[in-house]
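Chemist: let's see this in three dimensions:
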Amino acid sequence: MVRSAPPVTGLPIIGGVPDHPQVHAVMGYGCNGITFSQIASEIVSASIASAEDADAGLFAFGT
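Modeler: Next comes the predicted model:
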């Protein structure tokens with residue numbers, strides 16, 4: 001199980017799980033699930049397609 005401290009930004013964690021290249025995590029939405037679910041779908045789909053997403057760094061593990 002991967003454990004990570006809550007992000008300093010207060011944003012959810014969205015993206016690839018460190019040391020698990022084929023696993024993506026989407027967690028920590030809080031009360032903003034509708035908004036963040038759209039962002040998460042864009043980030044994860046870009047990652048699967050080996051493309052860049054401009055927002056991915058804001059939500060990555062360890063930020």
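Chemist: list the contacts for the most centrally placed residue in the chain?
Modeler: By Cα atoms, centre = their mean, the chain has its centre lying nearest to Ile14, at 0.7 Å. Contacts for Ile14 were tallied using Cβ atoms under 8 Å, 6 or more residues apart in numbering; they are 25-27, 36, 39-40, 43-44, 56, 59-60. In this view, the C-beta of every residue, glycine as well, is placed from N, C-alpha and C.
Chemist: which one (most neighbours) among those residues?
Modeler: Within the contacts of Ile14, neighbour counts (other Cβ atoms under 10 Å) peak at Ile43, which reaches 24 neighbours.
Chemist: what helix or strand is that one on?
Modeler: helix 33-48 (DSSP states H and E).
Chemist: helix or strand next in line after that helix, which one?
Modeler: Under the assignment DSSP H and E, the closest C-terminal helix or strand after helix 33-48 is helix 56-59.
Chemist: mind giving me the packing neighbours of that following helix?
Modeler: strand 13-17, helix 33-48 (3 or more Cβ pairs under 8 Å, 6 or more residues apart in numbering; DSSP states H and E).
Chemist: ok, the first one: who's next to it in the sheet?
Modeler: Read it as strand 13-17. In the sheet, strand 13-17 lines up against strand 20-27 (antiparallel) (DSSP bridges).
Chemist: the partner strand vs helix 33-48, what angle?
Modeler: 170 degrees (axes from the mean of the first three to the mean of the last three Cα atoms, to 10 degrees).
Chemist: list of residues touching stretch 37-51?
Modeler: Stretch 37-51 is contacted by residues 12, 14-16, 24, 26, 29, 52-53, 55-56, 59 when judged by Cβ under 8 Å, 6+ apart.
Chemist: least confident pick among those?
Modeler: pLDDT across the contacts of stretch 37-51 is at its lowest for Tyr29, which sits at 81.
Chemist: in this structure that residue contacts Leu11, no?
Modeler: No. In terms of Cβ atoms under 8 Å, Tyr29 does not count as a neighbour of Leu11; the distance is 9.6 Å.
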